[in-house]
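In: Sequence isn't available, so here's the structure alone:
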């Protein structure tokens, strides 16, 4: 069965420190992987995606993610966190066979000043 | 370009009633997906419409239904509302070309069932 797991409900990091938000997936076929961010009372905003090619993907607001096929992971990273990065982050996978999008349960990122 | 719009933004209903939510996609977007977001469950996929046809469906009861019009606008309907239907309902649309796999989300409709 297709699934996406975000093992951490919340991640706390000090401003200026690097951050990582974890995501693992399980799908049939080749995965299309996405990260979205949600600010309070807003819809989701697209950050970045992996379709094919380089395993390191760069996205909006200085975020990047690394696709690791052997570990079926797609962790979101940023070298230096900002307080304004505090939000809810969702990992998603689109199954290339069914075209369905499957979202993780979300990870709340808190960047402390 | 205007973004994805959803109306209404907030709704309060009582158990047993029905509700209709609307989603207007970005101009040129033909695929519309609907999601239910709750604190404990994250985003749960309801269904996807493309060219007025349901292309995909999630695991929700038949009380949840949807449709898409020729201008790509979509509506979802929930009949016989239950307390557990209280959630943020999000729609997402996909471009016809360019980045076909990136979904663009509306701000959502917050439904409260009393």
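Out: Nice, thanks for sending it over. All figures in this text were calculated on a predicted structure; none of them were measured in a lab. Numbering: from 1, shown residues only, chains lettered A, B, ... in the order given.
In: going forward, measure contacts between C-alpha atoms and count neighbours the same way
Out: Fine.
In: quick one: contacts for the closest residue to residue B:59 other than its chain neighbours?
Out: Leaving out its chain neighbours, the residue that sits closest to residue B:59 by Cα to Cα, 6 or more residues apart in numbering or on different chains is residue B:46, at 7.0 Å. Residues in contact with residue B:46 (Cα atoms under 8 Å, 6 or more residues apart in numbering or on different chains) are B:33-36, B:57-60, B:64.
In: For residue 3, give me its contacts.
Out: Here I'm looking at chain A. A:25-27, A:102-104.
In: wrong one, I was asking about chain B
Out: B:25-26, B:106.
In: for it, helix, strand, or coil?
Out: What DSSP: H, G, I helix; E, B strand; the rest coil gives for residue B:3 is coil.
In: List, one by one, the residues from chain B near chain A.
Out: B:40-45, B:56, B:90, B:102-108 (Cα under 8 Å from any Cα of the partner chain).
In: Based on its surroundings, how many neighbours for residue 5?
Out: All of this is about chain A. Around residue A:5 there are 19 other residues, counting by other Cα atoms under 10 Å in any protein chain shown.
In: you looked at the wrong chain, it should be chain B
Out: If you count neighbours by other Cα under 10 Å, residue B:5 ends up with 20.
In: And it, how far from residue A:9?
Out: Distance, residue B:5 to residue A:9, by Cα to Cα, to the nearest Å: 29 Å.
In: Check the offset of stretch B:83-90 from the chain's centre.
Out: 11 Å (Cα atoms, centre = their mean, to the nearest Å).
In: okay, how far is it across it, tip to tip?
Out: For stretch B:83-90, the end-to-end distance is 18 Å (Cα to Cα).
In: Since that was my last question, I'll sign off now.
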